[in-house]
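Novice: Turn this into a structure:
(one chain, ligands or ions: 1)
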Amino acid sequence: MANEEKKPCCIIVVGMAGSGKTTFMQQLNAHLHRKNTPPYVMNLDPAVYKLPYEANIDIRDTVAYKEVMKQYNLGPNGGIMTSLNLFVTKFDQVLNILEKRAPSVDHILIDTPGQIEIFQWSASGSIICDTLASSWPTCIAYIIDTPRSTSTSTWMSSMLYACSMLYKTKLPLILVYNKCDVQNADFAKEWMVDFEAFQQAIRKDEEDNADGSTSGYMSSLVNSMSLMLEEFYRHLDSVQCSAVTGEGMDDFLEAVNKKVEEYEKEYKPEIERLKKLSEEEKEKQKEKQLSSLMKDMHVADKPDPAETLSDIEYEDNGELVDPDEDEGETISEDVKNQYRKAFNISDSVSNEELLKMMQS
Ligand SMILES: Nc1nc2c(ncn2[C@@H]2O[C@H](COP(=O)(O)OP(=O)(O)OP(=O)(O)O)[C@@H](O)[C@H]2O)c(=O)[nH]1
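Specialist: Got it, this is the predicted structure:
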């Protein structure tokens, strides 16, 4: 549709410490500037000392990480986690800013803390991912340090982490084999599609590590895990690039476009379904709470509490009138006389006492 508002894609950059996230952000930012499509950039790493790119939104402007460590008596990781949690309390303001800027950009880039598990396992990480994904197409760029992943066991650990990231965020994921200026990632791409090639690499690792660091048990475990991960690989896009030389940036952007389509086709309907479910759940919860409140007020069988309340009236002197008391007063003299006759009650019994007897 011609009038439809432009939707940028949010790219959340995650990866192990030192994998090259920040350098990748810098290179991607520069690459998009060169293409005259400058992105909107957000830094969520409170502990980074110096950023090699200019961030439009920087967590360090909102939270003083060292002060948080001091005041809450925390170590470095606890400090990062608490800083993120504090920042998330202001995320509605961030969202307001993003909403204003979104129509004028194609990409929103988000750099995350070096310690991947902090972002992955903290409540704030989930809130950030879910909030962004419910507003714009969002994908995860999982940065891999390729030269450090040439051994089968290190590579397998990295894949398991990527798989858990996909499982936790439920967002489209791109594997980015970084540092390919130092080490080409063809070996890893082959391992992902050719189980035989991977088994051969395991055997080679075993021979090379004759000191026992790759035991028979380990290789059989790695074998089984790789079978389990086959399904995971099938849904992934992987690219190789160098955050230093800029090689592979266009391939990455192509993979992002594919993920946007995937998001629209598969993830968005699921996100909307979950949203609807949670709204229905909230509505049910509300009704449940209201009905238990009504029960507490003993009005469970009177659906409209307003009717019950309107029964209460005030006399001219401002005193409350009990409707039940009123009912007693409506018994006619005729009925009272018949009752006296039927039960042989003398006239000396007052009307008040008679009423009590009738009610009992
Ligand atoms: N040769 C080469 N070096 C790279 C590449 N990308 C990053 N590096 C280097 O890897 C080191 C770590 O890079 P960073 O960008 O700081 O990595 P990071 O993942 O942001 O690090 P933390 O946030 O501290 O976890 C730096 O010395 C970079 O220069 C690359 O593509 N090629």
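Novice: Flag the shaky bits of the stretch 101-250 of the chain, pLDDT-wise.
Specialist: 209-216, 218-219 (pLDDT under 70).
Novice: Next, count neighbours for Met225.
Specialist: Under the neighbour criterion other C-beta atoms under 10 Å, Met225 is assigned a count of 15. Any C-beta I mention is one placed from the backbone N, CA and C, and that applies to glycine too.
Novice: got it, and Leu160?
Specialist: Leu160 has 14 nearby residues by other C-beta under 10 Å.
Novice: Which residue lies nearest to it in three dimensions, sequence-adjacent residues excluded?
Specialist: Spatial nearest neighbour of Leu160, chain neighbours left out: Met225 (6.9 Å); criterion: C-beta to C-beta, 6 or more residues apart in numbering.
Novice: Give me the neighbour count for Glu99.
Specialist: 11.
Novice: what packs against the helix or strand the residue nearest to Leu160 falls within?
Specialist: Using DSSP states H and E, Met225 falls within helix 216-234. With contacts taken as 3 or more C-beta pairs under 8 Å, 6 or more residues apart in numbering; DSSP states H and E, helix 216-234 sits against helix 152-169, helix 186-193, helix 195-208.
Novice: Save those as CSV, and put in distance to the ligand too.
Specialist: Output for the helices and strands packed on helix 216-234, formatted as CSV (distance: least, C-beta to the nearest ligand atom, whole Å):
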stretch, distance to the ligand
helix 152-169, 13
helix 186-193, 15
helix 195-208, 23
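Novice: Figure out which of these is closest to Glu333.
Specialist: Glu333 sits nearest to helix 152-169 of all the helices and strands packed on helix 216-234, at 79.6 Å, using C-beta to C-beta.
Novice: got a list of what the closest residue to the ligand within the stretch 51-200 of the chain touches?
Specialist: Residue nearest to the ligand within the stretch 51-200 of the chain: Gly114 (2.5 Å; C-beta to the nearest ligand atom). By C-beta atoms under 8 Å, 6 or more residues apart in numbering, the contact set of Gly114 is 17-18, 21, 45, 47-48.
Novice: now with 6 Å?
Specialist: For Gly114, the contact set (C-beta atoms under 6 Å, 6 or more residues apart in numbering) comprises Ala17.
Novice: coming back round to it: please list the outside residues in contact with the helix or strand that the helix holding Met225 is followed by.
Specialist: Scanning forward in sequence from helix 216-234 by DSSP H and E, the next helix or strand is strand 237-240. By C-beta under 6 Å, 6+ apart, the residues outside strand 237-240 that reach it are 174-177, 180, 185, 248, 251-252, 255, 258.
Novice: Try it again at 7 Å.
Specialist: 174-177, 180, 185, 189, 248, 251-252, 255, 258-259 (C-beta atoms under 7 Å, 6 or more residues apart in numbering).
Novice: Pull up the pairing partners for it, direction included.
Specialist: strand 173-178 (parallel) (DSSP bridges).
Novice: right, is the strand it pairs with up against the ligand?
Specialist: Yes: residues of strand 173-178 contacting the ligand under C-beta under 6 Å from any ligand atom: Asn178.
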